[in-house]
Structure formats: structure tokens, C-alpha cells
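**Student:** Got a predicted structure plus its sequence, pasted below:
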Amino acid sequence: LPGNPGRQTAIRVRSVSMYHPDPVPAAGAGPDFSAWEGSWRWVGQPARDIESLGQGQTGQSIFARLGCEPYFRDWSLLGEELMQPPSTNPVADLLHITGTEIVPDSLYEVQIVDQAAVDECGDLAECLLSDPITIGTARWGDVLPGGTGSQPNALDITSLVQKFKSLPGAPREVQARVRDNDVVDQASGIIREVNAIDIVLVIDAWQGDPYPYQYPSGPAICACEANIRTDSDNDGDIDADDELVEDVSPGAIIYVNDDDDNFNGIPDLDEAPVQDENDLMEVRLPQDCFPRNPTQQWWSIS
């Protein structure tokens, strides 16, 4: 994504194609995530992970988990604000996105939304996003992407053994950690270290086993607040100007619909629908986040 220095932006990740391995593993295709395709999540607050690189050396990575709420910040300053010591090297701004929503053999669209655009349009769900960038994940068990031939292979297994032993040249934890389909420990908030389970899982993948985890492993519902929008300034349309005065008296003026637009002798408020009705006021009920499962969502109005 462009750095957008000086701009407060949030990053949205949309699942396009989830776990469609080609070729299909020898032991079968594995779980079906097609019902979740088209859903999206927001990149959360980034954090720094420290790990051993062997021979007394340590390394740092910047990661963020997916969640329900957008997190606005200047993403071009990750290295300067999170690395220790601060770094202005563009490589230090590399962001690793993780979460139960990220699965192997998949395609995702990544977009940004500018805080200024949200302030102008007044509704996060309706704001224009940037053109999407499509990013694919590696094949299940392939911790060293870019190799030739059948994947994963013996090099992936060897690299995990090297990481388990904290040997120089081993892959980073964000790359090598494969178990539990979520690399971040919920209690500590840091990336879990590679252990023997990761090695066994990659051996299983090498032998033809499919991805073993279901989706999602965490809560399936994001609680969202609805932003009721109407013509609060009574100028005939619904736009950003209404957000500025929605809490100011008199607010939207809604008249009692007691006329008779269809001339049948019954007040319009006592029947529905009414032909030629012209006295209704538009009310929009947008949501600021979206369900993980795009086929299910609920509204609770009280």
C-alpha cells in the first residue's frame, strides 16, 4: 500500500477466495470457507514483536491483528514510532497482518480509507475506499514461499527446525508460526514462539494433509453501533452537514402523516402502503462494521 505520509488512514482487508488449494492435498480438500468469502475486517493497532535470531541476536517485527473496528494512524511511521531504536528505513515499516481470518491458499483485497474522507462523508460504511490491492497467501505449510516444485517440501521442515533451535538464517516467527491459525497469544499480545507442533504440522502438510483448522476460532459476531442518519438540518437532503447539527435543536422536523394522499377517506398514518404517498421522511440506518459471515446479520433496535 502507498505510505500516505502525514495522512490518518485505516486499512480494510476483504476475503476474496478462501482456501482453494491447487493442487488439492492428497488427503482431501479440507475445510470449506466459501461462506465467508466477501466478508471483511479492519487492521487493528500495530505492535512490535521481539524474537531470537540466534547467536545472541534479536530481531523485531511489526504486526497487527484483524478486528471489527478501524484503526486510523499514519502507517508510514511504523519504524520510527515502534522500532527500538527508531528506524527510518522503509523496510522497518513492513506490516504483518494476522488473525483467524487469514488462511493459506487464499486471496485478499486490501484497501485504505482516509480519516478526512470519513469526516467529510459522515459514514464509514459509505466512504470511498482506495482501489484494492490483491494479496495472496502461501500454500498450507509453505513457510518459505517462492520455492519451485511441490510445496511444502523438506526445506520448509528444515527451516522450522532451525527456527525451533534459534539458529541464524531461520525464518521470522510471523512467517514460521503455523499452529492454531492465529500467531498471536491472546494473553500476552505477542507472537507465539515456534515449537514442535509447528514442525509436525508442516510434516503433515508435506505428506498431503489439508489445512486442519476451522474458521473462525474466535467470536463470530462483531457488535456494531448503528448511525441513524436523516435530514437533521431540514434542507431536503442527507449529507455531511446533517452530522454537524444532529444534536442541536430543533433537529429533524417530522410532521404527523395525517393527510390522505390517495383520497380514500383514510388518514395515511392508518394504512400502508399508500399510493402517491409524498409525506414520508427518509431515515438511513447504516452499520459501521460488518458480520464475519456475510449471509447472517442481526439488528437489535430498542
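**Tutor:** Arrived safely, thanks for sending.
**Student:** ranges for the helices of this structure?
**Tutor:** Per DSSP state H, the chain carries helices over the ranges 78-82, 115-121, 154-164, 173-176, 196-206, 240-245.
**Student:** In terms of mean pLDDT, which of those ranks lowest?
**Tutor:** Among the helices of the chain, helix 115-121 has the lowest mean pLDDT, at a mean of 73.
**Student:** now, of the helices of the chain, which is deepest in the fold?
**Tutor:** Among these, ranked by average contacts under mean count of other Cβ atoms under 10 Å, first place goes to helix 173-176 (a mean of 21). C-beta: built from backbone N, CA, C; applies to glycine.
**Student:** Could you list the paired strands of the strand ranked longest in the chain along with their orientation?
**Tutor:** In the chain, taking DSSP state E as the definition, the longest strand is strand 57-67. As defined by DSSP bridges, the strand partners of strand 57-67 come to strand 40-43 (antiparallel), strand 47-54 (antiparallel), strand 95-98 (parallel).
**Student:** about what we covered before: format the helices of the chain as a markdown table; extra columns: distance to residue 61.
**Tutor:** Formatted as a markdown table, the helices of the chain follow (distance: least, Cβ to Cβ, whole Å):
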| stretch | distance to residue 61 |
| --- | --- |
| helix 78-82 | 10 |
| helix 115-121 | 26 |
| helix 154-164 | 13 |
| helix 173-176 | 5 |
| helix 196-206 | 16 |
| helix 240-245 | 39 |
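**Student:** Tell me which of those lies nearest to residue 29.
**Tutor:** Nearest of those to residue 29, taken as Cβ to Cβ: helix 196-206 at 13.5 Å.
**Student:** Output the contacting helices and strands for the closest one.
**Tutor:** Identification of packing neighbours for helix 196-206 by 3 or more Cβ pairs under 8 Å, 6 or more residues apart in numbering; DSSP states H and E yields helix 154-164.
**Student:** So what touches the helix it packs on?
**Tutor:** 141-144, 147, 169-171, 173, 176, 194-196, 198-199, 202-203, 206 (Cβ atoms under 8 Å, 6 or more residues apart in numbering).
**Student:** Next: stretch 78-88.
**Tutor:** The contact list for stretch 78-88 (Cβ under 8 Å, 6+ apart) reads 46-48, 60, 62, 89-95.
**Student:** Find the residue ranges of the stretch 101-250 of the chain scoring beneath the pLDDT cut-off.
**Tutor:** Residue ranges of the stretch 101-250 of the chain with pLDDT under 70: 119-128, 147-149, 180-192, 215-227.
**Student:** can you rerun that using 90?
**Tutor:** Residue ranges of the stretch 101-250 of the chain with pLDDT under 90: 101-102, 111-132, 144-151, 163-195, 197, 213-250.
**Student:** residue boundaries of the strands in it?
**Tutor:** Assigned by DSSP state E, counting those that start in this stretch, the strands in the stretch 101-250 of the chain fall at 107-114, 133-136.
**Student:** if we can go back for a sec, can you put the contacts of stretch 78-88 in TSV and add neighbour count and distance to residue 24?
**Tutor:** Conversion of the contacts of stretch 78-88 to TSV gives the following (neighbours: other Cβ atoms under 10 Å; distance: Cβ to Cβ, whole Å):
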residue	neighbour count	distance to residue 24
46	19	35
47	15	36
48	14	38
60	16	38
62	20	35
89	10	41
90	11	38
91	7	36
92	17	39
93	20	37
94	13	32
95	15	32
